[in-house]
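**Student:** Build me a model:
(2 chains)
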Amino acid sequence: MNISINIGSIRFVNPVTVASGTFGHAEKYFDLEEVKKLGAIVPKTVTLHAREGNPPPRIVETPSGMINAIGIENPGVDIFIAKKLPAFRKIGVPLIISILGHTDEEFVALVEKFNAAPGRGVAALELNLSCPNLKHKVLVAQDPEAIIRVVKQVKAISKYPVIAKLSPNVTDIAAMAAAAEEAGADAVSLVNTFSAMAIDTRTRRSRLGNFTGGLSGPAIRPIAVYMVHEVYKRVKIPIIAMGGIMTVNDALEFFIAGATMVAVGTANFINPRAPLEVLNGIKDYLREHKIEDIKEIIGSLQL
Amino acid sequence: MSKIQNILRVAANEKICPKFYQLSFAAPAAVIKSIKPGQFIHIRVNDGLEPFFRRPFSVYQANKYISILYEPIGRGTKTLATKKKGDVMDVLGPLGNVFAMPPKGTKQVVMVGGGIGVAPFLLLSQALQRQRGQSPKRDSPLSLVLLYGGRTRGHVFPMKEFKQAGVKIHVATDDGSAGVKGRVSNLYSNIKPDPKTTIVYTCGPHAMMASVQEFARKNNLRGQACCEEVMACALGACLGCSIQTTSGYKTTCYDGPIFDLQEVIF
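**Tutor:** Take a look at the predicted model:
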């Protein structure tokens, strides 16, 4: 049975990863032998300069999901490369590094930092074009011209394959994916969170310190499956899919809709075993259905 | 994938006073032994998606069983109240950091607990009692004092285990139906706030901990606060439970739940 897949020039031994911002402190809490089984790990988004994040409260529980407004709290790229990257490398799983620039120049500077970072282990760069929690009026991922501009500049210099992470907060996500493909992106990942809010009716205030946030979890999954399929019909580059995957069946929906790789995100908060259960479940499914290669189910939706 | 994810069987789920329940889990001895005062467990209260988040609880007892205290008021705790002996539940833990033991020279440990926030103080008291038993200096015994604030007498439970740990208990209730009427601050007359020999620990609602912080500041007392926030992962990954401190945002689950009393910005 073959469950390996390719993103750009990189081969991943299996198609299961964790979504950015949902995985951390592996050394303290996780059985590393099990973490090593993942296809890839995506650490939390890194920015050029340190960010302290948004004021609390930062999360709200919602029906079958949650709204978050963390605000990309991170130590900045230099400290990330010096202090955090070595620990992630030690795990031995390929890393997809999520980066976010507030300007084109910042994206370029971030790529240069990772180009120059010593050591191996980085497999690809994911451009976070779609964080809804930074008070940007328009996200890069909401403007096809901006997507083309940023992806082109990054592709021109990156020594790693480039993945564009798209926002679901658009009218036509397939058009955004097409823009990323046109600019040379090696893959797209979707979806980031849906802009959302929750109100405390006693105080009539937002229940988030940032006022608004991003909705994730099983609540968004059917919309994410739809969007993945829309994008699959439009572009040739691989899709890394995420959006409320809790179980193997959820992941299979995304593969059948057109995903090459899946990322488990919010589920990590509820069930830290979820990524491995998904991985083992994929193998069981292929075995049960006598399918030799995971690629046979990618985009296999019967019309 | 996780070293700290356990499927545990409910050993008991009992009302210990009109408002509070105690839920106990049978657990492997190694897990029980690894629990330190101040740590918490993160419980998935249902197999399905509602409520969606796990719920964090301070460990109340860690002897034969791991137990927590709770008051069934929200969706999570009301679900907990339906659990029966023999039910199995998915529990992460123990998680978080640990109460620092009082420095040498401490003679008086003051624990200020509000409602269910009293829970982490039993393990602390038991640890201090053991420490006291080992101390060669019998002439300067450590005195353990609990100032407990509850809304009504229905929120005051027997506290037998605290008494067994040698804790002197003073109670205040908002309506005066048990103990002194009013806030825990009305109980401060029961302690001697000497900065050289007194240490304060607090856990409870923000407003109460803020008043304890103010009291400690005025009297120059060292102390620690056990904090609680809504948590998603409880593993330091999502950064959702961060609170403001004098040195920036810190996660309640991973950097805490125990913080220096003067460090937290309530």
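
**Student:** what about the longest strand along chain B, distance to the chain center?
**Tutor:** In chain B, with assignment by DSSP state E, the single longest strand is strand B:5-15. Centre-to-centre, strand B:5-15 and its host chain are 18 Å apart (Cα atoms, centre = their mean, to the nearest Å).

**Student:** next one: stretch A:252-262
**Tutor:** With Cα atoms, centre = their mean, you get 14 Å for stretch A:252-262.

**Student:** Now it: average pLDDT?
**Tutor:** Summarised as a single mean, pLDDT over stretch A:252-262 is 98.

**Student:** Not counting it itself, show me its contacts.
**Tutor:** With Cβ atoms under 8 Å, 6 or more residues apart in numbering or on different chains as the test, stretch A:252-262 has contacts from A:5-7, A:12, A:15-17, A:39-40, A:187, A:221, A:224-226, A:228-229, A:231-233, A:238-243, A:245, A:251, A:278, A:281-282, A:285, A:294, A:297-301. In this view, the C-beta of every residue, glycine as well, is placed from N, C-alpha and C.

**Student:** May I have the longest strand of chain B as CSV, with CA atoms only?
**Tutor:** The C-alpha coordinates for strand B:5-15 follow below in CSV (Å, rounded to 0.1, in the frame of the first residue of the first chain):
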residue,chain,number,x,y,z
GLN,B,5,-4.1,11.1,27.6
ASN,B,6,-5.9,8.5,29.8
ILE,B,7,-9.2,6.7,29.5
LEU,B,8,-10.4,6.6,33.1
ARG,B,9,-13.3,4.9,34.9
VAL,B,10,-15.5,7.0,37.2
ALA,B,11,-15.2,5.5,40.7
ALA,B,12,-17.7,7.9,42.3
ASN,B,13,-19.7,11.0,41.6
GLU,B,14,-21.2,12.3,44.8
LYS,B,15,-22.9,15.5,46.2
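
**Student:** average pLDDT across it?
**Tutor:** Strand B:5-15 carries an average pLDDT of 97.

**Student:** do stretch B:154-164 as well
**Tutor:** Taken as a whole, stretch B:154-164 carries a mean pLDDT of 96.

**Student:** Do a quick rundown of the helices in the stretch 201-303 of chain A.
**Tutor:** A:221-234, A:248-257, A:267-270, A:274-288 (DSSP state H, counting those that start in this stretch).

**Student:** what packs against the helix or strand of chain B with the lowest mean pLDDT?
**Tutor:** For chain B, using mean pLDDT, DSSP states H and E, the weakest element among its helices and strands is helix B:120-134, scoring a mean of 90. Applying 3 or more Cβ pairs under 8 Å, 6 or more residues apart in numbering or on different chains; DSSP states H and E, one finds that helix B:120-134 contacts strand B:61-62, strand B:108-114, strand B:143-150, helix B:160-164, strand B:198-203.

**Student:** So which elements touch the last one?
**Tutor:** Put plainly, it is strand B:198-203. Packed next to strand B:198-203, using 3+ Cβ pairs under 8 Å, 6+ apart, are strand B:108-114, helix B:120-134, helix B:206-219, strand B:222-226.

**Student:** so how far is A:Pro57 from A:Ile70?
**Tutor:** 11 Å (Cβ to Cβ, to the nearest Å).

**Student:** quick one: which of those two has more around it?
**Tutor:** More crowded of A:Ile70 and A:Pro57, by other Cβ atoms under 10 Å in any protein chain shown: A:Ile70, with 25 against 22.

**Student:** quick one: the more buried one from B:Gln213, how far?
**Tutor:** Counting by Cβ to Cβ - A:Ile70 and B:Gln213 are separated by 26 Å.

**Student:** Show me the shaky parts of the chain.
**Tutor:** Using chain A here. A:25-27, A:135 (pLDDT under 70).

**Student:** Chain B is the one I meant
**Tutor:** In chain B (pLDDT under 70), the answer is B:1-2, B:134-140.

**Student:** Would you mind listing what in it touches chain A?
**Tutor:** Proximity of chain B to chain A is confined to B:1-5, B:44, B:49-54, B:90, B:92, B:229-230, B:232-233, B:235-244, B:248-249, B:254 under the rule Cβ under 8 Å from any Cβ of the partner chain.

**Student:** Please point out which parts of stretch B:193-201 sit buried.
**Tutor:** B:Pro193, B:Thr197, B:Thr198, B:Ile199, B:Val200, B:Tyr201 (16 or more other Cβ atoms under 10 Å in any protein chain shown).

**Student:** Around chain B, which positions in the stretch 101-250 of chain A sit nearby?
**Tutor:** Neighbours of chain B within the stretch 101-250 of chain A, by Cβ under 8 Å from any Cβ: A:Gly217, A:Pro218, A:Met246.

**Student:** now, which of those lie within strands?
**Tutor:** Filtering those for strands - DSSP E - leaves nothing at all.

**Student:** For stretch A:166-177, measure first residue to last.
**Tutor:** With Cα to Cα, to the nearest Å as the measure, stretch A:166-177 spans 7 Å from end to end.

**Student:** Please read the previous query as pertaining to stretch B:141-159.
**Tutor:** 22 Å.

**Student:** Show me which residues of it are buried.
**Tutor:** Neighbour-count burial for stretch B:141-159 flags B:142-150, B:153-157, B:159 (criterion: 16+ other Cβ under 10 Å).

**Student:** Widest-spaced pair of those?
**Tutor:** Greatest spatial distance in the buried residues of stretch B:141-159: B:Leu142 and B:Gly154, 31.9 Å, computed using Cβ to Cβ.

**Student:** Which of the contacts of stretch A:252-262 are buried? Put it as a ChimeraX command.
**Tutor:** To isolate the buried members of the contacts of stretch A:252-262 in ChimeraX, using 16+ other Cβ under 10 Å:
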select /A:5,7,12,15,16,17,39,40,187,221,224,225,228,229,231,232,238,239,240,241,242,243,245,251,278,281,282,285,294,297,298,299
